[in-house]
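Asks: test case, fold it:
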Amino acid sequence: MKIERKITNKVVGFRTQDGAGVSLVRVLGNRTTDKYDPILMLDSFDSLNPEDYIAGFPMHPHRGIETISYVYRGGMIHRDSLGNEDAISDGEIQWMTAGSGIMHEERLPASERMLGVQLWLNMPAKDKMASPAYQSVKNHEIEEISFEGGKIRLLAGEYTDENGKVHEGFKGKYLPITYYDVHLNPGACIDILTDPDDSVMAFTLLGKGVVAGEDIAEKTAVKLSQGDVLRLEAKDESAHILFIASKSLNEPIAWGGPIVMNTEEELNEAFRELHAGTFIKGGVDYSEK
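Replies: Now for the predicted structure:
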């Protein structure tokens, strides 16, 4: 008998600014790490006014995390200390492994609508000093799986459909993550099978949805209990719900701005290296999938 996951926590974000003045909604952050482990941060972007975001995020450092930027509408231009420069547009992903240290900038060109999410995925202690890397996932690499009443965009990981077929999406090199953008037409529902040991959350990107039997407002994150299956539904309007699953790390977190380590000593050392000019350790080619 399947055990249905239930909601154990809800977070409604607060509006703030980051970078050079980008207006965003910060949903998850340092106050939610214990409940949403291994997801450290979730920022949501949704604007029809380019003045809210075109200032972008000037060059800045990261260490100890992976950033996963899903731009459902709009665009993002990435440039980093490895020499990468890349642009994504509607429906695509930028996946950056900060590892031992990277400097990067993100520019957000004007568009009719800027709609998307950036996740910070924690890296296991054993991998925090791995070589940094960058990869984009373009639309032709993102499979869309239809079901009655909607579709799933397989952003990362695997998905087993109603016929038992396993669909494979992009997979990072470190902590595995399952990431879907679930599109539900009005009145539709879907049961998503989950690994009982996974830490599972959902985020209502667009429209109100019903998650595990509870009405959830747009731009809300929810954490789910342990279980085998999660039901997602839409009522009178369509909904896009992001489904995110991974393994909890259950490791100590020392977080200072753009750097996330396991101890204060490691964090302080990172900032010493940053000021001394020894922060950047190198990189690898991440083009092989």
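Asks: how deep is residue 133 tucked in, by neighbour count?
Replies: 23 (other CB atoms under 10 Å). Glycine gets a C-beta too; all of them are placed from N, C-alpha and C.
Asks: now the spatially most central residue of the chain: how far from residue 281?
Replies: Geometric centre of the chain, nearest residue: residue 119, 3.0 Å, by CA atoms, centre = their mean. The gap separating residue 119 from residue 281 is 24 Å, by CB to CB, to the nearest Å.
Asks: grab the longest helix from the chain for me.
Replies: helix 264-276 (DSSP state H).
Asks: that one - contacts with which helices or strands?
Replies: On a contact count with 3 or more CB pairs under 8 Å, 6 or more residues apart in numbering; DSSP states H and E, helix 264-276 meets strand 254-256, strand 259-261.
Asks: and it, what's buried?
Replies: Neighbour counts over helix 264-276 (16 or more other CB atoms under 10 Å) mark 266-267, 270, 273-274 as buried.
Asks: pick out whichever of those sits closest to residue 35.
Replies: Of all those, residue 35 sits closest to residue 267, with 21.9 Å by CB to CB.
Asks: helices along this protein, start to end?
Replies: Going by DSSP H, the chain shows helices at 33-36, 264-276.
Asks: quick one: average pLDDT of the shortest one?
Replies: Translated: helix 33-36. The pLDDT scores in helix 33-36 average 97.
Asks: what strands line up against the helix or strand bottoming out on mean pLDDT in the chain, and which way round?
Replies: When each helix and strand of the chain is scored by mean pLDDT, DSSP states H and E, strand 14-18 comes last, with a mean of 93. According to DSSP bridges, strand 14-18 forms sheet pairs with strand 22-28 (antiparallel).
Asks: just how off-centre is the partner strand within its chain?
Replies: Here strand 22-28 is found 13 Å from its chain centre; the criterion is CA atoms, centre = their mean, to the nearest Å.
Asks: relative to residue 72, how far out is residue 243?
Replies: Plainly put, residue 243 is 14 Å away from residue 72 if you go by CB to CB.
Asks: neighbour count: the two, which is higher?
Replies: Shown here are residue 243 and residue 72; by other CB under 10 Å, residue 243 has more neighbours (24 against 20).
Asks: that one is in contact with residue 177, isn't it?
Replies: No: applying CB atoms under 8 Å, one finds residue 243 not in contact with residue 177, separated by 10.7 Å.
Asks: show me where the stretch 1-150 of the chain has strands.
Replies: Per DSSP state E, counting those that start in this stretch, the stretch 1-150 of the chain has strands spanning 7-12, 14-18, 22-28, 39-47, 57-62, 65-73, 76-80, 85-88, 92-97, 102-107, 114-122, 133-137, 143-147, 150-156. These are given in chain order.
Asks: could you dump those to JSON lines with distance to residue 217?
Replies: Below are the strands of the stretch 1-150 of the chain laid out as JSON lines (distance: least, CB to CB, whole Å):
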{"stretch": "strand 7-12", "distance to residue 217": "7"}
{"stretch": "strand 14-18", "distance to residue 217": "14"}
{"stretch": "strand 22-28", "distance to residue 217": "12"}
{"stretch": "strand 39-47", "distance to residue 217": "13"}
{"stretch": "strand 57-62", "distance to residue 217": "27"}
{"stretch": "strand 65-73", "distance to residue 217": "18"}
{"stretch": "strand 76-80", "distance to residue 217": "26"}
{"stretch": "strand 85-88", "distance to residue 217": "28"}
{"stretch": "strand 92-97", "distance to residue 217": "25"}
{"stretch": "strand 102-107", "distance to residue 217": "28"}
{"stretch": "strand 114-122", "distance to residue 217": "16"}
{"stretch": "strand 133-137", "distance to residue 217": "29"}
{"stretch": "strand 143-147", "distance to residue 217": "24"}
{"stretch": "strand 150-156", "distance to residue 217": "20"}
